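> below are the sequence and a predicted model for it; my questions follow.
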Amino acid sequence: MPELPDVSVFKDYFDKTTFKKKIERVEVFEKRILKGTSEKELNKSLKGNFFKKSDRYGKHLFAEIGPDVGLDIHFGMTGDLEHIDDLSKIPPYTRLLFVFQNGEGLAFEDQRKFGHISLVHNFDELISQNNLGIDALNITAEEFLEIIHAKKGKIKSILMNQSLISGIGNLYADEILFQAGIHPKSKGNQIPEDIMKKLFSTMNKVLKTAIKYVAKTDDFPPDFLINHRKENEDCPGSCGKIDIIKINGRTTYFCDACQELY
DNA sequence: AGTACCACCTGACGGC
DNA sequence: TGCCGTCAGGTGGTAC
């Protein structure tokens, strides 16, 4: 689930639920989640401190603790955050728990254990360590065009490549290409300039709209592809039927009638 | 450089 | 009802 809009929502939730709360300890229930650190080291860095501020970059959440220490939180496929009032009621799939001195907690849940949490020195280190390209909501039109025109691969693969542009996953890649009227198999270097500009503005529009709806896809406007992800479903543009193909091994939904192949 | 698989995990769903 | 294969919105590695 967690792509850029979801992580943006997690950031707001994180800020709201950790603000001004002193960290008493960190409990790790699943070591696999930790990358390059340990429960002991985490506690050493966090105990007695506060989360000062957070930032989102791509699909990552950066939680700053001190001038030279912070957390890199990645939500994998099933990661989620849940604030806890009662520490005796820890949600299922809690892999790590921040315990605050006021008796509250924040659970990092992750059913499939693909998420991870690591210690980083700062925001820049998070970006370089994960080899992340420019954030999808901060990239300029010029940078966007340049990156995509330099690639001969399929546009959907390019959009999903976190080291080129970071934040877009399978779901939103399909949505953006659908709304921009571009076939997902189009080659990056063959998309005309004006279509590229449309793709850029569509990417911004889709991501911002998703954030506006708190990434709750059920509430998205009916002309979005997102709630029509079924084979043979009518295209929201009522021009044809939704097709399914595989790109990069990922299920891809699109409308052959309104998405042009370049 | 681009692509095609496999792997990591767990649960839900459809077919038989 | 029960077993089994397949699939899921992410990422990383390997090999052609």
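Cool, the structure landed.

> give the contact list for the residue in the stretch 1-150 of chain A that DNA strand C sits nearest to.
Using C-beta to the nearest atom of the strand, the single residue of the stretch 1-150 of chain A nearest to DNA strand C is residue A:1, 3.5 Å away. (Glycine included, C-beta is placed from N, CA and C.) Residue A:1 makes contacts with A:75, A:77, A:78, A:171, as judged by C-beta atoms under 8 Å, 6 or more residues apart in numbering.

> the second one and residue A:112 touch, don't they?
Looking back up the chat, that one is residue A:77. Yes: using C-beta atoms under 8 Å, residue A:77 makes contact with residue A:112 at a distance of 5.2 Å.

> tell me which of these two has more neighbours.
Between residue A:77 and residue A:112, counting by other C-beta atoms under 10 Å, residue A:77 is the more crowded of the two (13 against 10).

> sec struct for that one, please.
coil (DSSP: H, G, I helix; E, B strand; the rest coil).

> state the distance from it to residue A:156.
Noted for residue A:77: a distance of 18 Å to residue A:156, by C-beta to C-beta, to the nearest Å.

> next one: residue A:243
For residue A:243, the distance to residue A:156 - C-beta to C-beta - is 13 Å.

> the two: which is more packed in?
Per other C-beta under 10 Å, whichever of residue A:243 and residue A:156 has more neighbours is residue A:156, with 26 against 16.

> for the more buried one, which non-adjacent residue is closest in space?
Of all residues not flanking residue A:156 in the chain, residue A:184 sits nearest, at 3.9 Å (C-beta to C-beta, 6 or more residues apart in numbering).

> immediately after the helix or strand harbouring residue A:70, which helix or strand?
When elements are assigned from DSSP states H and E, residue A:70 belongs to strand A:69-74. Scanning forward in sequence from strand A:69-74 by DSSP H and E, the next helix or strand is strand A:79-84.
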